[in-house]
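In: sequence unavailable; structure follows:
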């Protein structure tokens with residue numbers, strides 16, 4: 001019994017076929033870690049800016065009162 005040799009094209013390797021479940025799971029874990037790392041670093045920056053803006057917002061009324069009293 002002879003087996004027929006099937007000729008595959010390079011384009012068939014990149015055809016639209018679903019990824020295996022293990023590959024999708026590994027990609028999901030990698031993107032989860034990257035997203036979590038980005039969120040934590042972004043959160044620290046935002047908190048620092050909010051603290052500085054908080055001081056400026058509390059100081060603004062005092063500056064306005066001093067400016068009005070002085071005028």
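Out: Yes, it's here. The shown structure was predicted, so the numbers you read here are calculated from the model rather than taken from an experiment.
In: what pLDDT is listed against the most centrally placed residue in the chain?
Out: When Cα atoms, centre = their mean is applied to the chain, the residue found nearest the centroid is residue 35 (4.5 Å). According to the predicted model, the pLDDT of residue 35 comes to 84.
In: mind telling me what element it is part of?
Out: Of the helices and strands defined by DSSP states H and E, residue 35 is found in helix 21-70.
In: counting contacts, what elements does that helix pack onto?
Out: Applying 3 or more Cβ pairs under 8 Å, 6 or more residues apart in numbering; DSSP states H and E, one finds that helix 21-70 contacts no other helix or strand. The C-beta positions use only the backbone N, C-alpha and C, and glycine is treated the same way.
In: next one: that helix to chain centre, how far?
Out: Chain-centre distance of helix 21-70: 14 Å, with Cα atoms, centre = their mean, to the nearest Å.
In: cool, stretch 64-71 as well?
Out: Averaging C-alpha positions (Cα atoms, centre = their mean) puts stretch 64-71 45 Å from its chain's average.
In: contact partners for residue 23?
Out: The neighbours of residue 23, taking Cβ atoms under 8 Å, 6 or more residues apart in numbering as the test, come to nothing; the list is empty.
In: what ranges of the chain fall below the confidence cut-off?
Out: Scanning the chain for pLDDT under 70 picks out the ranges 1-19, 71.
In: burial of residue 62, as a residue count?
Out: Other residues within reach of residue 62, judged by other Cβ atoms under 10 Å, total 9.
In: residue 45 and residue 69, how far apart?
Out: Spatial separation of residue 45 from residue 69 under the definition Cβ to Cβ, to the nearest Å is 37 Å.
In: hmm, I was thinking of residue 31
Out: Between residue 31 and residue 69 the distance, using Cβ to Cβ, works out to 57 Å.
In: which of those two has more neighbours?
Out: Comparing residue 31 with residue 69 by neighbour count (other Cβ under 10 Å), the higher total belongs to residue 31, at 10 against 7.
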